[in-house]
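S.K.: test case, fold it:
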Amino acid sequence: MDVVSPGNGIDAPAGWATLDRHLAGRTVGLSFHLYIVAEGRVRISCRQGEQDLAPGRAALLPACLGDYRLETLTPQALLLKVNLPE
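M.R.: Take a look at the predicted model:
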């Protein structure tokens, strides 16, 4: 997750991170992944389709989803990721 770093160009409160390009992720059946967008716009893509998220929107990715990709639609986005320890 080298493209996610706290406070990279956007002031990131504790627990939040900025995304400045893309991020490949995977749920492995042990936990959901919840992403909340505070600033910027993000596209989440997986084999079932894609969804664009604006500030104030959230996406809950189920534990059984598998591979997914996040990419910014703006130069940067401020996100909060919530999940159980895997």
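
S.K.: when you work out contacts or count neighbours from here on, use the C-alpha atoms and nothing else.
M.R.: Fine.

S.K.: name the element T18 belongs to?
M.R.: strand 16-19 (DSSP states H and E).

S.K.: what packs against that strand?
M.R.: strand 4-5, strand 77-82 (3 or more C-alpha pairs under 8 Å, 6 or more residues apart in numbering; DSSP states H and E).

S.K.: quick one, which of those strands gets closest to F32.
M.R.: Comparison of the helices and strands packed on strand 16-19 against F32 by C-alpha to C-alpha identifies strand 77-82 as nearest, at 8.2 Å.

S.K.: mind saving the C-alpha coords of that closest one as CSV?
M.R.: What follows is strand 77-82 as a C-alpha-only set of coordinates in CSV (Å, rounded to 0.1, in the frame of the first residue of the first chain):
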residue,chain,number,x,y,z
ALA,A,77,-8.5,11.9,-2.1
LEU,A,78,-8.8,11.7,1.6
LEU,A,79,-10.1,8.3,2.8
LEU,A,80,-10.9,6.4,6.0
LYS,A,81,-10.6,2.6,5.7
VAL,A,82,-12.3,0.5,8.4
